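1. prediction below, plus the sequence it came from.
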Amino acid sequence: MLVLAACSSKPSVKPHVFVLNGLDIPVVVEIESEGGKARLELAPKSRTTTGAHGKATIKVTTKSGELISSESDIPLGKPKSCYHVYNVMGAAAYVNEEVVYGKGFGTPSYYRRAGEVSEQECGVSFAFTDPPKEISVNRYGPAGDNRSWLHYEGDGGWVVAVNGLLDDTGQWASQSHGKAYMIVRAVVTHDPNNPALPAIKERLRQLQLAVPEPSPGNLLEQPKRRRRS
């Protein structure tokens, strides 16, 4: 995956923030943080890293300058043991999966992050890189280990993210459906001719869920609803 350009107004610290774009359109992400300013141009379905840290204001626009989202006081933390993932509109389908080596420990976890815009990921061994087939362990230590791995689900795009969220039938299904709505609203607004939209809209109708209308402006704000007469 390619990044078109990335620049910063200050020398960056070790990159610990991943910025993901799961949409099928290029976006521009502007970050103002305690670590300085950065302007990142991301191609469709791409990612990059930045050394931004501390509390940040993040603004996302289309390549032509149309606002997609804007939010402030995002805690990006400092480069320690944790990564921070900023996922534009929650549209990238990525997971935090435990890879088991040897006998491992207990039941390995598998957390889907689609729909999450901002997430802190701690104790990660492999961040968007393939894990090795073998690892070294202490001769007198446990007979295995679990290692955390961040990676895409499928192609990592918004369609995979939305379908995964709509598949949720558990106790948090309504929240998952709301996240799916947010992603689809971004596509309807800024990529209305996307060939995957008709099938996604049909699935929303089959599930008796609202089909978003184009909504220019900050798409992380809650949509306004009319009072029933």
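-> Noted; the coordinates are in hand.
2. kindly provide the distance from the most centrally placed residue in the chain to residue 163.
-> Most central in the chain under Cα atoms, centre = their mean is residue 87, positioned 2.7 Å from the mean C-alpha point. Distance of residue 87 to residue 163, given as Cβ to Cβ, to the nearest Å: 16 Å. (Each C-beta comes from the backbone N, C-alpha and C, glycine too.)
3. tell me what the helix or strand that contains residue 161 is packed against?
-> Using DSSP states H and E, residue 161 maps to helix 158-166. Under the contact criterion of 3 or more Cβ pairs under 8 Å, 6 or more residues apart in numbering; DSSP states H and E, helix 158-166 touches helix 173-190, helix 197-206.
4. for the first one, name the packing helices and strands.
-> In other words, helix 173-190. On a contact count with 3+ Cβ pairs under 8 Å, 6+ apart, helix 173-190 meets strand 67-75, helix 158-166, helix 197-206.
5. send the alpha carbons of the helix or strand just after the first one over as CSV?
-> In other words, strand 67-75. From strand 67-75 onward toward the C-terminus, using DSSP H and E, the following helix or strand is strand 82-87. Taking C-alpha atoms only, strand 82-87 is exported to CSV below (Å, rounded to 0.1, in the frame of the first residue of the first chain):
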residue,chain,number,x,y,z
CYS,A,82,1.7,1.0,22.9
TYR,A,83,0.7,1.9,19.4
HIS,A,84,-2.2,4.2,18.6
VAL,A,85,-4.3,3.6,15.5
TYR,A,86,-6.3,6.4,13.9
ASN,A,87,-8.8,4.8,11.5
